[in-house]
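Trainee: pasting the structure only:
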């Protein structure tokens, strides 16, 4: 039940993400940070460039706000993997982030489908066999997980 409550809280938090982005704030309210600090493992699943940039932004907000993070993982799958190739805007965006403590993983199935090789990806991205299985794995490990 505790995991479900944490999931619902994060789900509501993510639904309010557009409002937070409009406010142009880089911090989360202190009362929310206190709630988030009840966990230290977070993950976001993304299927598009906007979601990926949003995940980086959320990680940065967590960092700026004092959320205690042990692990934060972004799992990527779908057609967005084409935008991770060398020479693309998204590839350059990821390389420019140089975010320590943020694990980014990408689905091998998607890479195979769109004929993308590991060598085409930014060097710090880890490849997982199946993004959906990875999401289930993270959930089983107790991660607070949201897919956008």
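Mentor: Thanks, I have the structure now. None of the values given here were measured: they were computed from a predicted structure.
Trainee: Other residues contacting the longest helix seen in the chain?
Mentor: The longest helix of the chain (DSSP state H) is helix 49-65. Identification of contacts with helix 49-65 by CB atoms under 8 Å, 6 or more residues apart in numbering yields 14, 17, 20-21, 25-28, 30, 32-33, 36, 42, 44, 46, 69, 72, 74, 76, 80, 83, 90, 93-94, 97, 99, 101-102, 148. All C-beta spots, glycine's among them, are computed from the backbone N, C-alpha and C.
Trainee: Report the buried members of those.
Mentor: The neighbour-count test (16 or more other CB atoms under 10 Å) marks 14, 17, 20, 28, 33, 36, 42, 44, 46, 69, 72, 74, 76, 80, 83, 90, 93-94, 97, 99, 102, 148 as buried among the contacts of helix 49-65.
Trainee: Is residue 32 in a helix, a strand, or coil?
Mentor: Following DSSP: H, G, I helix; E, B strand; the rest coil, residue 32 is assigned to helix.
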